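*Asks:* okay, here's the prediction I keep looking at, along with the sequence it came from:
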Amino acid sequence: MHQEEMKTMKQDEEIAASNWLKETQKGYIRIATLILLSKKPHHGYEIMKEIKERTKGFWKPTAGGIYPILKNLQESGYIQGEWEAKTRRRKKIYILTKAGRTVLRRAIAKENQLAATMRTLFGEYVKGVLEVDTQPDLTLKIPLPLSELLRETDEKEEYTIRRLEEQRRQIQDMIKQLQKKLGTIEKRIRTLQNNM
């Protein structure tokens, strides 16, 4: 394969992966919106701002992305919008409906199933492809994309410290395992080179 073909193929793969993540993100932003509205009514800008803050900038919904989602959720009967005119600018405040609470519970249950499946697949990848033996408690955990939104605001700082400490411990354990594997590979290379 020529270098130019490989470069084009890599660009196509990057575009495909990016598109897949955008599609997934739209679904998560729908659920994130319902989660936020389950806590209190919000207007569109507040929802965008809170999602960005709670995900530490990982998700940055735009008006062009959030308002079609809000419209769709309202048309589906999951949220209800009411105009508020307390200030000069009218704002549409959204509240969660009973149907919205039901679909949110179901979506979170499905998300938990998906996350468990992804953790299992990730563990298989680490073990099979990277050839790292992982104990169940040493497997890196994939965080739920919605976990930060489900936490109460006052818990965020403590949770962040705990989460970061846990991730550090997991990464340190993985590094130890990778260093052990690297040592085994280096010994094997030296043995093969000495036999030549």
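*Replies:* Looks like it came in fine. From a predicted model like this one, the values you see are computed outputs, not experimental measurements.

*Asks:* name the SS class of residue 57, please.
*Replies:* coil (DSSP: H, G, I helix; E, B strand; the rest coil).

*Asks:* tell me how many other residues surround it.
*Replies:* For residue 57, the count of nearby residues is 8 (other Cβ atoms under 10 Å). Where C-beta positions appear, they are placed from N, C-alpha and C, glycine not excepted.

*Asks:* how about it, phi and psi?
*Replies:* phi 80, psi 0 (degrees, to the nearest 10).

*Asks:* same check on residue 109?
*Replies:* Residue torsions, per degrees, to the nearest 10, at residue 109 are phi -60, psi -40.

*Asks:* before we move on, what about residue 60?
*Replies:* phi -130, psi 80.

*Asks:* what segments of this protein are helices?
*Replies:* Counting by DSSP state H, the segments of the chain that form helices are 3-39, 44-54, 63-75, 98-128, 147-150, 156-194.

*Asks:* including mean pLDDT, could those helices go into a markdown table?
*Replies:* Below are those laid out as a markdown table (pLDDT from 0 to 100):
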| stretch | mean pLDDT |
| --- | --- |
| helix 3-39 | 82 |
| helix 44-54 | 90 |
| helix 63-75 | 93 |
| helix 98-128 | 83 |
| helix 147-150 | 62 |
| helix 156-194 | 78 |
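
*Asks:* mind listing what residue 79 touches?
*Replies:* By Cβ atoms under 8 Å, 6 or more residues apart in numbering, residue 79 lies in contact with 33-34, 37, 70, 73, 94-97, 100.

*Asks:* can you check the pLDDT for it?
*Replies:* Note for residue 79: predicted pLDDT of 96.

*Asks:* from residue 25, how far out is residue 18?
*Replies:* 10 Å (Cβ to Cβ, to the nearest Å).

*Asks:* look at those two and report which has more neighbours.
*Replies:* Shown here are residue 18 and residue 25; by other Cβ under 10 Å, residue 25 has more neighbours (17 against 9).

*Asks:* which residue is the nearest non-sequential neighbour of that one?
*Replies:* Of all residues not flanking residue 25 in the chain, residue 59 sits nearest, at 6.3 Å (Cβ to Cβ, 6 or more residues apart in numbering).

*Asks:* list phi and psi for the one you found.
*Replies:* phi -110, psi 130.

*Asks:* just to revisit the earlier point, residue 89 is nearest to which of the helices of the chain?
*Replies:* helix 44-54 (10.4 Å; Cβ to Cβ).

*Asks:* by contact count, what packs against the closest one?
*Replies:* helix 3-39, helix 63-75, strand 91-96, helix 147-150 (3 or more Cβ pairs under 8 Å, 6 or more residues apart in numbering; DSSP states H and E).

*Asks:* quick one: contacts of it?
*Replies:* Applying Cβ under 8 Å, 6+ apart, the contact partners of helix 44-54 are 29, 32-33, 36-37, 42, 59-63, 66-67, 70, 91-92, 94, 148-149, 156.
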